[in-house]
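K.L.:
Quick one: sequence plus predicted model below, questions after.
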Amino acid sequence: MEKLNKPWLCPGYRFVATPHRADPEDPSNLRVDGGMYPAADAPEEGHHTDWASIEVFIECKADDVRGDPFDDTMESGQPNAEDRRKVLGQIMSYAYTVFKKQHRTHHFAVIICGSSARISRWDHAGVVTTKKFNYKEEPGKLAEFFWRFARLSPAQRGHDTSVVRVLEGTEDYKIMQERAEEPRLLGIHPVQEHAREAFRESLKGSRWWKIQVDDESSRESDPSAPTTPRFFLVGKPHFAARGLAGRGTRGYVAINLQNPKGPFVYLKDAWRVAHAGIHKEGEILTYLNKEGVRNIPTKECHGDVGLSQTTMSQTIWREENPDALTCPLKTHTHYRLVVREVGLPMSQFRNAQELIILVARCIGAHRDAYRKGIMHRDISAGNVLILVTEFVDAQGQLRTQRDGMLTDWELSKSVEDGQIDVLRQPDRTGTWQFLSANVLRDPKKKIAVEDEMESFFHLVLYFSIRYLPSNCPDVTRFIYDYFDGYTFDGEQYSVGMTKLYAMRTGVLLLSGTLPLKFLRSVPTETLPNPPNDPINEFLTELLHRLQAYYELHDIDHGLVDNSTRPTTGIIKQLIPVTSAEDEHMASFLSSVFEEMKPQSQAKHTLSAQQRENLERLAEPLKNHAAMLERYAAFYVDPDLNWPKNDKVEDQMRTDFNPDKDPKQPKPDKSGKQSQARGASQAEPPTPTGASSQTADVEVRKTREVRKAGSSRQKKGTLHNDDPFEPSSQTTEAAKPKTRRVTRAGSSRQKKGTLHDDHHSEASSQSTEAARPKTRRAARARPSRMQRDPQHNNDPLGGPSRSTKRSTTG
């Protein structure tokens, strides 16, 4: 670092080595070998890494080969050696941490491996990196990069200039302090206390910020109208999606500076997919709000950030692959949406009975939007919230109502003939853990109402297994197997066997013969075998309906073996008969097949009555009203005697690692054993080995494009730019002659597993995943990118504005 700290090289900056101590403000405990910092914010030599201030991180490895996260000799550019893949995961973790701790559009990094070096540029679409060069033989390359970088503007260095830090002593600082400590009153009653508490928590141990939203609401009547700047005060994110590539959604409880003493609002900051035919979430909410759809957020304002905050990695990939029909990297544009409601996470349901009715209210919102021509397409645990409404009654008493709210409409699409039109994104859309089994095993399937109803079932099961007592000996393992489970179908991730088995059989099994059962209370010494919870009957009925649907679907789509067996003549053609022994074997095989043929046909051929019975069972899955009737019937049934206190603390462990976790304990033979409860509001694990982030790299000539995810990524969300000036000195500083572009992610990244942006219970309003966003939610690599036709019956008025913008690619 000493040679870099020359006054003429990078005035105003300091290079500091921090190889031994992690940032105490960052729970990941990551530390990088060194970095370039603004001189005023630079840590002392040998102190901890400061991820909130670092401008360029520098990671050093001793070995030229084993320390290199990329491989220039491979067609894919991706190293095969496990130690090198771990290095790549480490570098990606550093890049993600910078984006997590700072407001960034992109970030530069330097990797030193032995006598070689690489310079890389990261954004939400991928990473551009140079080929490896010998910095000892060509020291001018690194020196020139740092010299030019130090002379770039903040926006060119990757800072989001629409966000300004709120400093102590300023008027904005005083407003934030006051709102955090003093309740807002409705008469004499404090209201919106859940939002104030969340806001107060966001200020602890965090920098405070003023965020600008360029409101496009005026363009609803005049597309040429200018945007209106709106400003909001926030602390740290109430929710932040995991992973670097993708939408990178953050959610904040915020103060609206147009009404600083008024209600708290919720600000969503995301890098939306800017492809043709994809409407902005604010446009969708504007339409649904005007149409009177209930139990959804109310748009306050929305708009893209600035004029040019769009990712760049996909542009470079296209430059290097001009003949390619499609680009595996998505174009992401920075976008913000503010809604008036600050909800509670669904995990704060009071008991199983309330969970049923809250989800039913979200199904009602789904129905109302569907009737207005919009399908949600991302039903997940993070997108169903509890809406708290407070009012003072005629007697002057404060009344509180709790309702369900269906949020995150960014992946929704217009409905056409009861189905959804052609794919706009070249991979699955939605949150992997809650997608229907049919969508998971067929990425090209158009999402239908029955898929969404199945997703609602999955999220009811998800909250039940986490927060209700049961006979499950290892809740975390069950969640991982059922919700994150997967198989491979060629180069694609496909549905996990646990979920598919449940859909095909109508049974949730813990072992070979023991079914999952929920209990009215936790077993105790005085009551070792508590009775079953009524939610079992609810789940059983839905499972039977799903089983009927899957049996019909699989038979009608040829997914069961209903073929006739070979006859003796065919067998003789397959087995040349040249001797009496061959004749004898052919006759034996023929008799075996003939004997089994009637059984096979009986098993997979339905009689008219059998089909009618199955269709009657499955029909409610395709009908909102019928499904709502079943939810309501269970909710009001007095014979079920719903318990009022059947909810327990979160039972999912925080230390779970699917690759290292010991074998789960065997269930108690009585079927009444309940798992010891873990920490409340645990965050789900990332199911990869030593590193959750490796890369899939495609080399094209002297460059390559890397995408967060790969051909075997699961979820392409859910379930996601850049003021870099190509013609400015940024180009000279950051675009070396030999580049490669890659999507930051894993070659088999599944989807931020178990909850990156959709399961975190710290969030009351999440987006993605993903999303592999399908996360937030890894993505399956596309073979071709398709665009929507300009459907005349699009309820939002034809192609979205992004269709017409050249800046979205």
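P.N.:
Perfect, I can see it now.

K.L.:
Helices of the stretch 151-300 of the chain, start to end?
P.N.:
Under the criterion DSSP state H, counting those that start in this stretch, the stretch 151-300 of the chain contains helices at 171-181, 193-203, 281-290.

K.L.:
For the first one, the averaged confidence score.
P.N.:
Summarised as a single mean, pLDDT over helix 171-181 is 98.

K.L.:
Ok, the shortest one next?
P.N.:
Averaging pLDDT along helix 281-290 yields 97.

K.L.:
Can you tell me what sits against that helix?
P.N.:
For helix 281-290, contacts defined as Cβ atoms under 8 Å, 6 or more residues apart in numbering pick out 216-217, 220, 268, 272, 296-299, 301-303, 335, 337, 339, 369, 372, 374, 408-410, 412, 795-796, 800-801. Using the backbone N, CA and C atoms, a C-beta is placed for each residue, glycine as well.

K.L.:
which among the residues you listed end up buried?
P.N.:
Buried members of those, counted by 16 or more other Cβ atoms under 10 Å: 216-217, 268, 272, 296-297, 299, 301-303, 335, 337, 339, 369, 372, 374, 408-410, 412, 795-796, 800-801.

K.L.:
So which bits of stretch 545-559 are buried?
P.N.:
545-555.

K.L.:
what does it contact?
P.N.:
Residues outside stretch 545-559 that contact it (Cβ under 8 Å, 6+ apart) are 437-438, 450, 454, 457, 502-506, 560, 562, 604, 606, 611, 613-615, 617-618, 620-621.

K.L.:
6 Å instead?
P.N.:
If you take Cβ atoms under 6 Å, 6 or more residues apart in numbering as the criterion, stretch 545-559 is touched by 503-504, 506, 560, 614, 617-618, 621.

K.L.:
Between the buried residues of stretch 545-559, which sits nearest residue 54?
P.N.:
Residue 54 has its nearest neighbour among these in residue 546, at 49.7 Å by Cβ to Cβ.

K.L.:
how far away is the closest one from residue 305?
P.N.:
42 Å (Cβ to Cβ, to the nearest Å).

K.L.:
In the chain, where is pLDDT below threshold?
P.N.:
Applying pLDDT under 70 to the chain flags residues 22-23, 26, 75-77, 417-428, 561-581, 596-604, 661-809.

K.L.:
one more time with 50
P.N.:
Counting by pLDDT under 50, the chain shows low-confidence ranges at 417-423, 562, 664-738, 745-793, 798-809.

K.L.:
Report how many residues lie close to the closest residue to residue 467 other than its chain neighbours.
P.N.:
What sits nearest to residue 467 in space, not counting adjacent residues and going by Cβ to Cβ, 6 or more residues apart in numbering, is residue 647, at 5.3 Å. Using other Cβ atoms under 10 Å, residue 647 has 20 neighbouring residues.

K.L.:
Please report how far the nearest residue to residue 606 once chain neighbours are set aside lies from residue 506.
P.N.:
The shortest distance from residue 606 to any non-neighbouring residue, by Cβ to Cβ, 6+ apart, is to residue 555 (6.6 Å). Using Cβ to Cβ, we find residue 555 at a distance of 16 Å from residue 506.

K.L.:
Looking at the contacts of helix 281-290, which are in strands?
P.N.:
Using DSSP state E, the members of these that fall in strands are 268, 272, 299, 301-303, 335, 337, 339, 374.

K.L.:
JSON lines please, covering these and showing distance to residue 514.
P.N.:
Shown next, in JSON lines, are the ones in strands among the contacts of helix 281-290 (distance: Cβ to Cβ, whole Å):
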{"residue": "268", "distance to residue 514": "42"}
{"residue": "272", "distance to residue 514": "45"}
{"residue": "299", "distance to residue 514": "48"}
{"residue": "301", "distance to residue 514": "53"}
{"residue": "302", "distance to residue 514": "50"}
{"residue": "303", "distance to residue 514": "54"}
{"residue": "335", "distance to residue 514": "48"}
{"residue": "337", "distance to residue 514": "46"}
{"residue": "339", "distance to residue 514": "44"}
{"residue": "374", "distance to residue 514": "42"}
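
K.L.:
Quickly name whichever of these is closest to residue 636.
P.N.:
residue 374 (29.3 Å).

K.L.:
For the closest one, give the beta-bridge partners.
P.N.:
When assigned by DSSP bridges, residue 374 has beta-bridge partners residue 414.

K.L.:
From what I see, it and residue 412 are in contact.
P.N.:
Yes. Counting by Cβ atoms under 6 Å, residue 374 sits close enough to residue 412 to count as a contact (5.2 Å).

K.L.:
which SS class is residue 366?
P.N.:
Secondary structure state of residue 366, per DSSP: H, G, I helix; E, B strand; the rest coil, is helix.

K.L.:
That one - how many residues pack around it?
P.N.:
Neighbour tally, residue 366, other Cβ under 10 Å: 28.

K.L.:
who touches stretch 37-44?
P.N.:
12-14, 16, 50, 53-54.

K.L.:
Only C-alpha atoms, please: export that stretch in PDB.
P.N.:
Below are the C-alpha coordinates for stretch 37-44, written out as PDB (Å, rounded to 0.1, in the frame of the first residue of the first chain):
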ATOM      1  CA  TYR A  37     -10.700   5.100   0.900                       C
ATOM      2  CA  PRO A  38     -11.500   8.800   1.000                       C
ATOM      3  CA  ALA A  39      -8.700  10.200   3.200                       C
ATOM      4  CA  ALA A  40     -11.200  11.600   5.700                       C
ATOM      5  CA  ASP A  41     -12.900   8.200   6.300                       C
ATOM      6  CA  ALA A  42      -9.900   5.900   5.900                       C
ATOM      7  CA  PRO A  43      -9.300   3.500   8.800                       C
ATOM      8  CA  GLU A  44      -5.900   3.300  10.500                       C
END
